[in-house]
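**Q** need coordinates for the following:
(chains A and B)
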Amino acid sequence: MHVLIINGSPRVKKYSNTDKILERFTQGMCENGTTFEQYEVSDRGSWDRIRRAYMENTCILIALPLYVECIPGLLMEFLETLSPKNDGSGMGFILQSGFAEGVQLRCGEAYLEMLSGKLGCEYLGTLVKGNNFSIRFLEGKQREKTIGPYREMGREFAAQGDFKSEACRRFTGPEVFPGYVRALVGLMFKTVAKKGFAQMAKSLGCDKPLDYRPYS
Amino acid sequence: MILIVNTTNDTSVTDELKKNLAGNGAEAEILEAGSLNISPCIGCNHCWLKTPGECTIKDDYEIILKKVIHADQLWVISDTALGFIDHKGKNIYDRILPIATMYLQFVGDQMRHVPRYKKLPDLGLIYLGEAEKAYLQRWNARAALNFERKSLGVFERNMVKEAVACMC
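**A** Reported below is the predicted structural model:
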């Protein structure tokens, strides 16, 4: 099997969480001979090449971050330039987000199923997972803890040819957190997480409080 | 204040809105954004972590952002593509990120970003062309939920009067 992978993140490859996820996913996917080619929508100069690859390949994966409950505007701009295939091609998706709960991604997932039909492709399912905001700020084992599990999902996709298995469904994690977890995490948001965000901001050279209001 | 952002190049819809709004008494401002220079969000997160509240992309979107924080309602008029709003319409929502902070909280049983400003708008949508209306209704409600606000509804081009009835 040869897979066309389109990274639909508007973020440049170097800082793309989606790209880090794809690194591990493709490692697993290629263990038993599956091959792939990957393109980045953030690189507008490659759009002609992506369009050609879209027409030439029959197994297409689009990986993307959730932007305001659906696909990012830049990815939409690219997709608007495609013609429906209607040649039996399959299209699947890897949808990731910052918010951790599965329920946060369901509206976006519903659109992706619709989108594959609009592009004349068979829907291969969507691998849904949140809690990925910090990937680019993490290093070593901490980063691996987040992206490592995608390796197994790559193996699963190579074996099944889609994301419709029980293993893929379970990969999402909880739809919502139980009350006691929300209470604990809510406390962490006010303490540990705030400190972590302040450190991230400092590393980027921020000199204002994170709740600063420039237009008040 | 009601802010109406027309991302299409069709001003007949805003002409019709103006006529219908004349007798409605609502304070409304219409922005013709079809010809404005508005780039897509690039997800740099600088508006949360480097220049809080300010977008790193310096283009015409700042005009909209400065008005959104004073609006009770935000209506977007958008063309459609692939069953959804087109990229110009979607960019209006994606670029709104600076009105939220990096901080997180639970609202009900779901995570939300803590709003940067006290006032945030309810959301309404008017679309031109073919789209999956049931999906747009679901999506608009979810988008509004992000701001802890409500959906004002989703309306086709030929339902301007019905949309205006929700502008008050």
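**Q** how many other residues sit next to residue 59?
**A** I went with chain A, as the question did not name one. For A:Cys59, the neighbour count with other CB atoms under 10 Å in any protein chain shown is 21. The C-beta positions use only the backbone N, C-alpha and C, and glycine is treated the same way.
**Q** please refer instead to chain B.
**A** Neighbours around B:Asp59, by other CB under 10 Å: 12.
**Q** what sits closest to it if chain neighbours are left out?
**A** B:Asn37 (4.9 Å; CB to CB, 6 or more residues apart in numbering or on different chains).
**Q** so that neighbour versus chain A, what's the distance?
**A** 14 Å (CB to the nearest CB, to the nearest Å).
**Q** that residue: neighbour count?
**A** 10.
**Q** surely it meets B:Asp60?
**A** Yes: counting by CB atoms under 8 Å, B:Asp60 is a contact partner of B:Asn37 at 4.8 Å.
**Q** for the residue nearest to B:Asp59, which three-state class applies?
**A** Following DSSP: H, G, I helix; E, B strand; the rest coil, B:Asn37 is assigned to coil.
**Q** what pLDDT does it get?
**A** Listed pLDDT for B:Asn37 reads 97.
**Q** distance of it from A:Leu138?
**A** 35 Å (CB to CB, to the nearest Å).
**Q** for B:Arg157, same thing?
**A** For B:Arg157 relative to A:Leu138 (CB to CB), the value is 46 Å.
**Q** for B:Leu120, same thing?
**A** In terms of CB to CB, B:Leu120 sits 31 Å off from A:Leu138.
**Q** in chain B, which spans are strands?
**A** B:2-6, B:28-32, B:73-81, B:84-85, B:100-107, B:110-115, B:122-128, B:151-156 (DSSP state E).
**Q** ok, which of the ones you listed comes nearest A:Arg182?
**A** Closest to A:Arg182 of those is strand B:100-107 (CB to CB; 4.9 Å).
**Q** anything in the closest one near chain A?
**A** Yes: using CB under 8 Å from any CB of the partner chain, strand B:100-107 reaches chain A at B:Thr101, B:Met102, B:Tyr103, B:Leu104, B:Gln105, B:Phe106.
**Q** the last one: what's it in contact with?
**A** Under the criterion of CB atoms under 8 Å, 6 or more residues apart in numbering or on different chains, the neighbours of B:Phe106 are A:Arg182, A:Val185, A:Gly186, A:Phe189, B:Arg112.
**Q** bridging residues for it?
**A** B:Met111 (DSSP bridges).
**Q** next one: it from B:Glu148, what distance?
**A** For B:Phe106, the distance to B:Glu148 - CB to CB - is 12 Å.
**Q** in the longest helix along chain B, what counts as buried?
**A** When chain B is parsed with DSSP state H, its longest helix is helix B:133-146. For helix B:133-146, the buried set under the neighbour-count rule, 16 or more other CB atoms under 10 Å in any protein chain shown, comprises B:Tyr135, B:Leu136, B:Arg138, B:Trp139, B:Asn140, B:Ala141, B:Arg142, B:Ala143, B:Ala144, B:Leu145, B:Asn146.
**Q** cool, and stretch A:146-160?
**A** A:Thr146, A:Ile147, A:Tyr150, A:Arg151, A:Met153, A:Gly154, A:Arg155, A:Glu156, A:Phe157, A:Ala158.
**Q** quick one: contacts of that stretch?
**A** Residues contacting stretch A:146-160 (CB under 8 Å, 6+ apart): A:1, A:20-32, A:34, A:61, A:92, A:127, A:129, A:131-132, A:134-135, A:138, A:163, A:165, A:167-168, A:171.
**Q** buried members of those residues into ChimeraX, please.
**A** The ChimeraX selection below is limited to those of the contacts of stretch A:146-160 classed as buried (16+ other CB under 10 Å):
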select /A:20,21,22,24,25,26,28,29,30,34,61,92,127,129,131,132,134,135,163,168,171
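**Q** in strands, which of the contacts of stretch A:146-160 fall?
**A** A:Leu61, A:Gly92, A:Leu127, A:Lys129.
**Q** how about the nearest residue to A:Thr172 once chain neighbours are set aside, what does it touch?
**A** Closest residue to A:Thr172 apart from its sequence neighbours, by CB to CB, 6+ apart: A:Gly102 at 4.2 Å. Taking CB under 8 Å, 6+ apart, we find A:Gly102 in contact with A:Val128, A:Gly130, A:Thr172, A:Gly173, A:Pro174, A:Glu175, A:Val176.
**Q** where do the strands of chain A begin and end?
**A** So, for chain A - with DSSP E - the strands run A:2-7, A:35-40, A:59-65, A:90-96, A:122-129.
**Q** tabulate those strands (TSV), appending mean pLDDT.
**A** Formatted as TSV, the strands of chain A follow (pLDDT from 0 to 100):
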stretch	mean pLDDT
strand A:2-7	98
strand A:35-40	98
strand A:59-65	98
strand A:90-96	98
strand A:122-129	98
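**Q** for chain B, which of those is the nearest?
**A** For chain B, the closest of those is strand A:59-65, at 6.6 Å, according to CB to the nearest CB.
**Q** the closest one pairs with which strands?
**A** strand A:2-7 (parallel), strand A:90-96 (parallel).
**Q** quick check: angle from that strand to strand A:122-129?
**A** 30 degrees (axes from the mean of the first three to the mean of the last three CA atoms, to 10 degrees).
**Q** hang on, the earlier thing: let's have the strands of chain A in a markdown table, adding distance to B:Leu49.
**A** Listed next are the strands of chain A as a markdown table, based on distance: least, CB to CB, whole Å:
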| stretch | distance to B:Leu49 |
| --- | --- |
| strand A:2-7 | 22 |
| strand A:35-40 | 23 |
| strand A:59-65 | 16 |
| strand A:90-96 | 19 |
| strand A:122-129 | 22 |
